[in-house]
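Engineer: take this sequence and fold it.
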Amino acid sequence: MTTKDYNEKSVMNKRICNSRRLLAPALSFIIYLLSFCPAGAQSKYIQAVDEYVPAPGQFVNTLPAATADDTPATMAAKCTERLAGGAGEMITLGAFGGYVTFHFDHPVANVAGEMDFYISGNYTNNGSEPGIVMVSQDSNHNQLPDDAWYELSGSADTDSVGKVAYGYSITYRRNGDLSDVAWTDSRDVSGSVPRNGFHKQEYFPLWLGTDELTFSGTLLPRNGYNSQAGGQLWLLTPLRYGYVDNAANSDTVACSFNIDWAVDPLTRQPVSLSHVDFIRVYTAQNQVCGWIGETSTEVAGAEDLHLEASLQIAAGIATTAAAPRPKATTDLTGRRIDSACTPKKGIYIINGKKTIFK
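Structural biologist: Numbering: from 1, shown residues only. Below is the predicted model of the structure:
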């Protein structure tokens, strides 16, 4: 090999190494996206449940069925079996705060002027058990629902001003097997999730390994009342829009949600999101309605309402990740210099190398 050939090969090797170094982060992120979207498997339905943490309730440990051997992972898998791929089988979230978190095999796009996804529940006539919807982007790209969460604002925010409790929290304590589950809340109120004669199993989640559970979120005003003097005819009035298990599943508009409704759960300021990666639903009322028992949101599935647009969003994220980054230029103090501007005379650090401008 001649000196010229050796030098040309060395230059080529350096270029290849530099290209690999620049492309590595992008390739890693594209692989991450593909893990959500196996070839040919893109679906408008839920792919998997990430978390299932119900509050105590009369259907807990039965929808889905739990045993002493279950763990959070096995219960999430059982929920996946009931909800994923359009299976349409129901799970319960228990009393206030109980929740389920799930994802699709792609990010769900926020399409301007349209509802973005649909969630089915177990609504019966005058039997609204409203659940609030939360959304999150996987900002740290670790495929876990551990980034910031935002609430989709529903009609109670305008219809019940002053009656909605933001930043509400509640703690449930197990008092022993097969007993009422006591609770105390952030307003110094106490009560219980009472047992009834219809459901004989333990009401406290068996698989969580604790006798105490705390939940926080937005508490909606009571919607249940006994309409029959001297009797037990309970009506649970539906809210206008924006909640799960608040309308018949056949009412696709009432069971659909717009990502543009996203707000910070405490400040209530709007949040702009191009897409979401994770969706969470939690029971948003703390009430007991006579023989009916505690109000508990049920979930039976979810759909992306515009799959093609969502897949375009996923492709756009991958393209952005693959784009070369602009040169990083700083002065000797570490202060960043706009790469579009020509630096003044001095010594600068450009992509980690000292550079002198005369």
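
Engineer: which residue ranges of the stretch 251-358 of the chain form strands?
Structural biologist: Counting by DSSP state E, counting those that start in this stretch, the stretch 251-358 of the chain has these strands, from start to end: 256-257, 262-263, 275-276, 278-283, 298-299, 301-304, 329-331, 336-337, 346-350, 353-357.

Engineer: is it true that residue 255 touches residue 115?
Structural biologist: No. Residue 255 lies out of contact with residue 115 (C-beta atoms under 8 Å); the separation is 9.3 Å. Where C-beta positions appear, they are placed from N, C-alpha and C, glycine not excepted.

Engineer: between the two, which one's more packed in?
Structural biologist: When neighbours are counted by other C-beta atoms under 10 Å, residue 255 and residue 115 differ, and residue 255 comes out ahead with 24 against 17.

Engineer: show the contacting residues for that one.
Structural biologist: Contact analysis of residue 255 by C-beta atoms under 8 Å, 6 or more residues apart in numbering lists 118-121, 244, 246-249.

Engineer: which of those residues tops the neighbour count?
Structural biologist: Top of those by neighbour number is residue 244, holding 30 neighbours under the definition other C-beta under 10 Å.

Engineer: with pLDDT, secondary structure and distance to residue 292 as extra columns, can I get the contacts of residue 255 in CSV?
Structural biologist: Output for the contacts of residue 255, formatted as CSV (pLDDT from 0 to 100; DSSP: H, G, I helix; E, B strand; the rest coil; distance: C-beta to C-beta, whole Å):
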residue, pLDDT, secondary structure, distance to residue 292
118, 98, strand, 26
119, 99, strand, 22
120, 98, strand, 21
121, 98, coil, 16
244, 99, strand, 18
246, 98, coil, 16
247, 98, coil, 18
248, 98, coil, 18
249, 98, coil, 20
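
Engineer: any chance you could map the strands in the stretch 51-200 of the chain?
Structural biologist: All strands of the stretch 51-200 of the chain, identified by DSSP E, counting those that start in this stretch, fall at 91-92, 99-103, 108-109, 117-120, 131-136, 150-152, 165-173, 181-185, 190-193.

Engineer: quick one: which of those is nearest residue 64?
Structural biologist: strand 91-92 (6.0 Å; C-beta to C-beta).

Engineer: which residues does residue 139 contact?
Structural biologist: 147-148.

Engineer: residue 219 now?
Structural biologist: Counted by C-beta under 8 Å, 6+ apart, residue 219 has contacts 96, 164-165, 168, 284-286.

Engineer: now for the closest residue to residue 63 other than its chain neighbours, how many residues are close by?
Structural biologist: Nearest non-adjacent residue to residue 63, counting by C-beta to C-beta, 6 or more residues apart in numbering: residue 92, 4.4 Å away. The tally of other residues near residue 92 (other C-beta under 10 Å) stands at 24.
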